[in-house]
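Chemist: Got a predicted model here, sequence first, then my questions.
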Amino acid sequence: MTDYLDTPEARRIAYNFTPGTGPGVVFLGGFKSDMEGTKALALEAWARAQGRAFLRFDYSGHGVSGGAFDEGAIGDWYEDARDAILALTEGPQVLVGSSMGGWISLLMAREHPEKVAGLVTIAAAPDFTEDGYWASFDKETRHKLESEGFVEVPSEYGDPYVITRRLINEGRTRLVLRSPLALPFPTRFLQGTADASVTSETALRLLDHAQGEDMRLTLLKGADHRFSTPECLGLIEAALAEVLGALQ
């Protein structure tokens, strides 16, 4: 059953919470995705079968939460995640971050380490506004973004994505690969080699940059960015079980 959280930033966040034992699991979705996706629902079912607490939610401007997607930025969605985790969960959580959710989970680990017991990322996309979109824009596109405030870029998921000037500029204040990033807990990075949105090089860069004693990267040959096949879902669940097992 979907409930709503009114955050200190006056945003209305939709969420589903399954009570259970801790450490709980929190799923953080990707850019323009929602909490009804295959991975979120599969992990909820897995957690319920384990009797473990589980939280999934929609960032503002995503799914059934309030707000407009085109007005949002990484910092807003990080605040949504932070507010939901602080208000709705007890004790440290294991974060499962998909794509942009991987970046946001890294921000949580940096800003609120006391709330993070472990981490699983799926095609994590840290700093993608800068190293992905901005880096790929030619001079003409950059000028249009600066002068008009937005550009549209193709999406393999349907309608073009609207990339705003604020998304790029605000994202520069949230970068995690330019300064030390401590992940002092069990961490598992998952990445598909056929991912057209986030490359294996990005996964390797994150692995090399982050600091932690229990950190592993698994590359799945042929898996794409969705990472939602039965084999992929099984790998996510196995990584989550491994992280939880390491916490016992």
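Modeler: That came in fine, so what should we check first?

Chemist: all strands of this protein, in order?
Modeler: Using DSSP state E, the strands of the chain run over residues 3-6, 12-18, 21-28, 52-57, 93-98, 116-122, 150-155, 158-164, 187-192, 215-220.

Chemist: now for those, which one comes closest to Arg172?
Modeler: For the strands of the chain, the distance to Arg172 is smallest for strand 158-164, at 13.2 Å, taking C-beta to C-beta. From N, CA and C alone the C-beta is placed, and that goes for glycine too.

Chemist: Which single helix of this protein contains the most residues?
Modeler: The single longest helix within the chain, with elements called by DSSP state H, is helix 230-246.

Chemist: Now do that one against strand 116-122, angle only.
Modeler: If you take axes from the mean of the first three to the mean of the last three C-alpha atoms, to 10 degrees, helix 230-246 sits at 160 degrees to strand 116-122.

Chemist: For helix 230-246, buried residues please.
Modeler: Buried residues in helix 230-246, counted by 16 or more other C-beta atoms under 10 Å: 232-233, 235-237, 239-240, 242-244.

Chemist: Then stretch 195-215?
Modeler: Neighbour-count burial for stretch 195-215 flags 195, 197-198, 202-203, 206-207, 210, 212, 215 (criterion: 16+ other C-beta under 10 Å).

Chemist: As JSON lines, those residues with pLDDT would be great.
Modeler: Formatted as JSON lines, the buried residues of stretch 195-215 follow (pLDDT from 0 to 100):
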{"residue": "Asp195", "pLDDT": "96"}
{"residue": "Ser197", "pLDDT": "92"}
{"residue": "Val198", "pLDDT": "95"}
{"residue": "Thr202", "pLDDT": "97"}
{"residue": "Ala203", "pLDDT": "97"}
{"residue": "Leu206", "pLDDT": "98"}
{"residue": "Leu207", "pLDDT": "98"}
{"residue": "Ala210", "pLDDT": "98"}
{"residue": "Gly212", "pLDDT": "97"}
{"residue": "Met215", "pLDDT": "98"}
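
Chemist: which of those sit farthest apart?
Modeler: Across these (C-beta to C-beta), the longest gap, 24.9 Å, separates Ser197 and Gly212.

Chemist: just to revisit the earlier point, which of the strands of the chain is buried the deepest?
Modeler: Highest mean neighbour count among the strands of the chain (mean count of other C-beta atoms under 10 Å): strand 93-98, with a mean of 28.

Chemist: on that earlier part again, could you single out the nearest of the buried residues of helix 230-246 to Ala73?
Modeler: Ile236 (27.2 Å).

Chemist: contacting residues for the nearest residue to Phe189 once chain neighbours are set aside?
Modeler: Distance criterion C-beta to C-beta, 6 or more residues apart in numbering; nearest residue to Phe189, sequence neighbours excluded, is Leu217 at 4.4 Å. Leu217 makes contact with 188-191, 203-204, 206-207, according to C-beta atoms under 8 Å, 6 or more residues apart in numbering.

Chemist: what pLDDT does Glu170 get?
Modeler: Glu170 is assigned a predicted lDDT (pLDDT) of 98.

Chemist: Isn't it up against Gly72?
Modeler: No - look at Glu170 against Gly72 with C-beta atoms under 8 Å: they stay out of range, at 9.2 Å.
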